[in-house]
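Novice: Structural data only, the sequence is not supplied:
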């Protein structure tokens with residue numbers, strides 16, 4: 001009988017040939033959108049790399065969008081060609097959208113930048129990004145410096161989460177951590193810097209096991225972000241300049257971690273003068289298309305009323 005122990009460590013999906021039959025495995029805990037993507041990716045393996053699926057572990061996905069492996073890159077290309085509407089993309093190109101802007105129109109997720117540690121303690125495990133405060137800087141300045149060193153970004157939204165100083169929280173030495181969260185658009189960072197630090201973007205609803213008290217930091221940051229997002233327009237830091245109402249709702253559902261009633265959500269949007277409808281149409285989802293909106297920061301500053 002074949003061994004199925006590989007299922008115990010399944011992160012996203014896998015393709016495996018068992019008794020000359022092809023099987024695709026998908027983690028049931030993934031979001032519907034991610035299941036669809038993983039399924040298309042594994043189907044690519046099934047059609048392009050069937051011989052590799054005959055190994056004991058088959059082809060397993062721990063991280064999607066890996067472009068360092070030819071096999072994974074080919075499966076990603078297959079998934080993209082299967083799932084993306086070529087005609088809609090051509091229309092966006094003809095409207096003057098560049099590749100980054102097109103990517104922004106194809107969906108909205110909240111992702112967390114995590115480090116795969118290549119140093120002790122906890123080498124090989126997942127952690128939040130961080131650094132040490134220098135003698136000549138405040139903790140706020142240190143947080144901004146570390147963010148810039150890791151992503152190349154400056155002048156982005158940042159909020160202090162709190163302090164974490166339990167005795168023994170770090171087995172290496174006595175460390176008190178001040179946690180921050182920052183909201184950035186996933187397309188606006190220095191990819192070479194992130195790769196240099198062995199960091200990866202991970203969907204906030206599909207996080208791996210984190211070291212030490214980092215899960216508590218994430219939970220507290222997310223709670224604070226939810227509170228802020230309901231009364232201040234911080235979520236627009238994660239959206240493209242032009243967005244659909246579906247994208248906006250998907251973003252806030254990702255922030256709150258729960259589904260929102262479409263009618264009530266759009267009613268609240270209609271009450272906000274700072275969210276303006278433009279004359280542009282997004283046609284990536286359907287031939288009819290969806291209206292594109294924008295956030296008017298000047299109007300918000302004149303009358304800072306916001307509730308979602």
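Specialist: Received the coordinates, thanks. From a predicted model like this one, the values you see are computed outputs, not experimental measurements.
Novice: which residues of the stretch 151-300 of the chain fall in strands?
Specialist: Assigned by DSSP state E, counting those that start in this stretch, the stretch 151-300 of the chain shows strands spanning 157-164, 177-183, 199-203, 275-282, 290-295.
Novice: Buried residues of the fourth one, list them for me.
Specialist: Spelled out, that is strand 275-282. 275, 282 (16 or more other CB atoms under 10 Å). All C-beta spots, glycine's among them, are computed from the backbone N, C-alpha and C.
Novice: secondary structure element for residue 149?
Specialist: helix 139-151 (DSSP states H and E).
Novice: ok, which stretches of the stretch 151-300 of the chain are helices?
Specialist: 191-196, 214-231, 245-256, 262-270, 297-302 (DSSP state H, counting those that start in this stretch).
Novice: Residue 180 is nearest to which of those?
Specialist: helix 214-231 (8.1 Å; CB to CB).
Novice: Let me know the angle separating the closest one from strand 157-164.
Specialist: Helix 214-231 and strand 157-164 are oriented at 140 degrees to each other (axes from the mean of the first three to the mean of the last three CA atoms, to 10 degrees).
Novice: Rounded mean pLDDT for helix 214-231, please.
Specialist: For helix 214-231, mean pLDDT rounds to 93.
Novice: which residues sit against it?
Specialist: 112, 127-128, 159, 161-162, 164, 177, 179, 181, 183, 204, 207, 210, 234-235, 252, 255-257, 306-308 (CB atoms under 8 Å, 6 or more residues apart in numbering).
Novice: ok, now stretch 261-268?
Specialist: By CB under 8 Å, 6+ apart, stretch 261-268 touches 245, 249, 252, 307-308.
Novice: that older thread, may I see the buried residues of the helix holding residue 149?
Specialist: Within helix 139-151, the residues scored as buried using 16+ other CB under 10 Å are 142-144, 146-147, 150-151.
Novice: Equivalent analysis for stretch 172-188, please.
Specialist: Neighbour-count burial for stretch 172-188 [16+ other CB under 10 Å]: 177-185.
Novice: now stretch 192-200
Specialist: For stretch 192-200, the neighbour count (16+ other CB under 10 Å) marks 194, 199-200 as buried.
Novice: Throw those into TSV and include pLDDT and distance to residue 81, thanks.
Specialist: Below are the buried residues of stretch 192-200 laid out as TSV (pLDDT from 0 to 100; distance: CB to CB, whole Å):
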residue	pLDDT	distance to residue 81
194	85	26
199	87	28
200	85	24
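Novice: Looking at these, which is nearest residue 42?
Specialist: Nearest member of the buried residues of stretch 192-200 to residue 42, counting by CB to CB, is residue 200, at 19.7 Å.
Novice: After the one helix or strand in the chain whose mean pLDDT sits lowest, which helix or strand is next?
Specialist: None of the helices or strands of the chain scores lower by mean pLDDT, DSSP states H and E than helix 99-105, at a mean of 52. Next helix or strand after helix 99-105 toward the C-terminus (DSSP H and E): strand 111-116.
Novice: Can you tell me the centre-most residue of the chain?
Specialist: With distances taken as CA atoms, centre = their mean, residue 111 lies nearest the centre of the chain, 2.4 Å away.
Novice: Beta-bridge partners for that residue, please?
Specialist: residue 203 (DSSP bridges).
Novice: ok, back up a step: wait, which of the contacts of stretch 261-268 is closest to residue 294?
Specialist: So of those, ranked by how close each gets to residue 294 (CB to CB), first place is residue 245, at 11.8 Å.
Novice: what's the burial count for that closest one?
Specialist: By the measure other CB atoms under 10 Å, the count of residues near residue 245 is 18.
Novice: again, but for residue 137
Specialist: Residue crowding around residue 137 was assessed by other CB under 10 Å; the count is 12.
Novice: cool, and residue 40?
Specialist: 19.
Novice: what do you get for residue 244?
Specialist: Neighbour number of residue 244 under other CB under 10 Å is 21.
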